[in-house]
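Trainee: What would the 3D arrangement of this be:
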Amino acid sequence: MFILHGRYFVHRHIHLFKHCYSTSTIKPLNVAFFGSDLFSMHILEHLYQLFLNDKSRIKCLEVVTTVSTLNTVMQGAEKLQLTTHVWPDIDSLISKSPVQFDVGILASFGQLLPKRLIESFPLGIINVHPSLLPRWRGSSPLIYTIASGDKTSGVSIMDIRPKHFDIGPVLMQQSFPLSTNMTMFELLKISADVGCSLLDKVLEDPIKSRENAQEQALSGITYAHKINKYGYYIDWHNHTTEDIDRLYRALNQIANLRTIFRQKPVRLKLLTLINDQSILNDLNTISSQPGTAIYNKSLECICIRCKDGWIGFKKLAYLKSMYARDFQNGYISKMDRFVFDSIHNSLFDYIYERRVPK
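Mentor: Next up, the predicted model:
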């Protein structure tokens with residue numbers, strides 16, 4: 001039922017667009033941008049350059065964002081001296097603003113939009129989403145893409161629907177391969193660049209882009225839920241070395257991975273993959289218990305046993321940050337056997353069942 005309603009919504013608005021706009025009158029556009037984080041800021045900076053250098057394309061650019069001390073877009077908009085509207089005061093856009101906005105562009109905004117706001121934009125609101133929808137709908141697609149070991153990712157430009165995340169028809173989509181050791185921030189930059197390129201094409205003719213929009217497939221739907229604090233913890237009994245490496249590349253540039261010792265968190269830094277078979281053989285003769293921590297002098301790291309092998313960290317933070325040798329001298333050497341606790345990581349509840357078959 002909802003998909004039929006969505007199609008009606010698209011076709012109804014295309015009909016209205018054609019009466020309100022022609023190809024020659026679509027430009028220049030009054031644009032309201034919705035965003036909050038680093039990915040959003042990449043898209044905003046691109047739109048700002050269009051606004052600054054090509055008034056025939058964007059005549060007015062204003063920003064909608066949330067109040068937060070960590071809000072990258074709020075800080076960026078201030079530096080760019082762009083008019084900023086604070087969410088959720090949508091009346092400042094709909095009825096109080098002197099500008100009649102043509103189109104809304106959203107990227108990683110994290111808020112559900114009401115119907116009356118979407119319908120106040122003659123050309124609707126479109127979303128730059130960094131995944132190949134319907135894979136990884138939700139707030140954290142970049143993290144889940146890396147943590148799940150996807151070989152391919154991409155960007156989708158989609159139509160926003162009221163009170164739902166990432167379900168609207170896709171106006172344009174582009175895929176690209178992922179390198180073996182890619183980090184989340186590297187993926188973010190590539191995705192933002194691809195998103196800007198796609199956005200340029202959509203803005204050339206928004207009506208035609210909508211006419212060619214495709215409903216999302218009903219199969220292959222996965223969700224990238226918001227990461228909670230347990231998403232950073234390692235489950236030594238159930239996580240493989242590959243799982244931990246992927247999790248590290250997905251999250252480490254946001255916050256350190258963690259484990260537990262004496263009921264207190266230990267932050268794990270500077271991951272080291274252990275490939276020397278002789279070192280692995282020596283470690284295996286000492287213990288096969290997941291969570292066991294052993295200092296290796298040649299690697300200068302704490303080697304920790306996981307489900308299928310060993311993984312190393314050169315630096316740890318327990319009460320204070322220290323190198324592996326100091327952690328060895330201060331804690332490991334004083335115990336007969338040093339074992340970190342396993343903590344269930346709910347992020348993997350979604351990943352294990354949703355990995356693309358090899």
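Trainee: in the stretch 151-300 of the chain, which spans are helices?
Mentor: According to DSSP state H, counting those that start in this stretch, the stretch 151-300 of the chain carries its helices in the segments 184-204, 206-211, 241-251, 277-286.
Trainee: Adding mean pLDDT, write those helices out as JSON lines.
Mentor: Below are the helices of the stretch 151-300 of the chain laid out as JSON lines (pLDDT from 0 to 100):
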{"stretch": "helix 184-204", "mean pLDDT": "97"}
{"stretch": "helix 206-211", "mean pLDDT": "90"}
{"stretch": "helix 241-251", "mean pLDDT": "98"}
{"stretch": "helix 277-286", "mean pLDDT": "97"}
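Trainee: Please identify the deepest-packed of those helices.
Mentor: Most buried of those, by mean neighbour count (mean count of other Cβ atoms under 10 Å): helix 241-251, with a mean of 21. For every residue, glycine as well, the C-beta is placed using N, CA and C.
Trainee: Can you tell me what sits against that one?
Mentor: 142-144, 146-149, 181-184, 227, 231-232, 234, 239, 257, 271, 273, 306-311, 345, 347-348 (Cβ atoms under 8 Å, 6 or more residues apart in numbering).
Trainee: R116 sits in which helix or strand?
Mentor: For R116, the element it lies in under DSSP states H and E is helix 115-118.
Trainee: buried residues in that helix?
Mentor: Residues 117-118 are the ones in helix 115-118 that count as buried (16 or more other Cβ atoms under 10 Å).
Trainee: Check stretch 89-104 too.
Mentor: Of the residues in stretch 89-104, those scored as buried under the neighbour-count criterion (16+ other Cβ under 10 Å) are 90, 93, 97, 101-104.
Trainee: Give me the subset of these that lies in strands.
Mentor: Within these, membership in strands is found for 103-104, as judged by DSSP state E.
Trainee: Tell me the one among the buried residues of stretch 89-104 nearest to L29.
Mentor: D102 (4.6 Å; Cβ to Cβ).
Trainee: still on that earlier bit, any of the contacts of helix 241-251 buried? List them.
Mentor: When burial is judged by neighbour count using 16+ other Cβ under 10 Å, the buried members of the contacts of helix 241-251 are 142-144, 146-149, 182-184, 227, 231-232, 234, 239, 257, 271, 306-307, 309-311, 345, 347-348.
Trainee: show me where the stretch 251-358 of the chain has strands.
Mentor: Along the stretch 251-358 of the chain, the segments classed as strands by DSSP state E, counting those that start in this stretch run 257-261, 264-273, 293-296, 301-305, 310-318, 320-323.
Trainee: Redo the ones you listed as CSV? Include mean pLDDT.
Mentor: Putting the strands of the stretch 251-358 of the chain into CSV (pLDDT from 0 to 100) gives the following:
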stretch, mean pLDDT
strand 257-261, 97
strand 264-273, 98
strand 293-296, 98
strand 301-305, 98
strand 310-318, 98
strand 320-323, 97
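Trainee: what two of the buried residues of stretch 89-104 have the greatest distance between them?
Mentor: Largest separation among the buried residues of stretch 89-104 by Cβ to Cβ: I90 and D102, giving 16.6 Å.
Trainee: quick one: which of the strands of the stretch 251-358 of the chain is nearest P122?
Mentor: Where those are weighed against each other on Cβ to Cβ, the nearest is strand 257-261, at 46.9 Å.
Trainee: Quick one: low-confidence residue ranges for the stretch 1-150 of the chain.
Mentor: 1-26, 69 (pLDDT under 70).
Trainee: Kindly provide the distance from I146 to S120.
Mentor: The span separating I146 from S120 equals 37 Å under the rule Cβ to Cβ, to the nearest Å.
Trainee: what's the answer for T84, then?
Mentor: According to Cβ to Cβ, T84 and S120 sit 18 Å apart.
Trainee: next one: R258
Mentor: From R258 across to S120, the span is 44 Å (Cβ to Cβ).
Trainee: can you check M182 too?
Mentor: Using Cβ to Cβ, we find M182 at a distance of 39 Å from S120.
Trainee: And for R57?
Mentor: Relative to S120, R57 is positioned 22 Å away (criterion: Cβ to Cβ).
Trainee: Repeat that for K59.
Mentor: Relative to S120, K59 is positioned 18 Å away (Cβ to Cβ).
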